[in-house]
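Trainee: Here is my input, please return the structure:
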Amino acid sequence: MAVQLPIRYLTPDDLVEMFDLPSVETVYQWRRKRTGPRGFRVGRHLRYDPDDVHSWVESLREEAAA
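Mentor: Numbers count the residues shown, from 1 in each chain. Got it, this is the predicted structure:
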């Protein structure tokens, strides 16, 4: 089942909701460790391109299948 991503850029809170994460701190840990989707700053706000999130998920699925 494909999840329809919003057209707008995603916030860390969006990722928490989408992936049912324990807290937004998980998203920030991914960023610090460079293990999560590629994010960018708009001023002091962290945002994610839905296409980058999708690519990141696909790369995880490919790793799991290998």
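Trainee: which ones are touching S23?
Mentor: V16 (CB atoms under 8 Å, 6 or more residues apart in numbering). Quick note: C-beta positions are derived from backbone N, CA and C, even for glycine.
Trainee: per-residue confidence at L60?
Mentor: Note on L60: pLDDT of 94.
Trainee: now A64
Mentor: pLDDT at A64 comes out at 93.
Trainee: so how far is stretch 14-26 from its chain's centroid?
Mentor: Mean-position distance between stretch 14-26 and its chain equals 9 Å (CA atoms, centre = their mean, to the nearest Å).
Trainee: list the buried ones in it?
Mentor: D14, L15, V16, M18, L21 (16 or more other CB atoms under 10 Å).
Trainee: which helices and strands does the top helix by length along the chain pack with?
Mentor: With secondary structure taken from DSSP state H, the chain has its longest helix at helix 50-65. Based on contacts counted as 3 or more CB pairs under 8 Å, 6 or more residues apart in numbering; DSSP states H and E, there is no element that helix 50-65 packs against.
Trainee: What residues of that helix count as buried?
Mentor: By neighbour count on 16+ other CB under 10 Å, the buried set for helix 50-65 is P50, D52, V53, W56.
Trainee: Which of those residues sits closest to R8?
Mentor: P50 (8.0 Å; CB to CB).
Trainee: Check which residues of stretch 29-48 are buried.
Mentor: For stretch 29-48, by 16+ other CB under 10 Å, it's W30, R31, G36, P37, G39, L46, R47, Y48.
Trainee: So which residues make contact with that stretch?
Mentor: 9-12, 14-15, 27-28, 49, 52-53, 55-57.
Trainee: Is Q29 located within a strand, as I assumed?
Mentor: No: going by DSSP: H, G, I helix; E, B strand; the rest coil, the assignment for Q29 is helix, not a strand.
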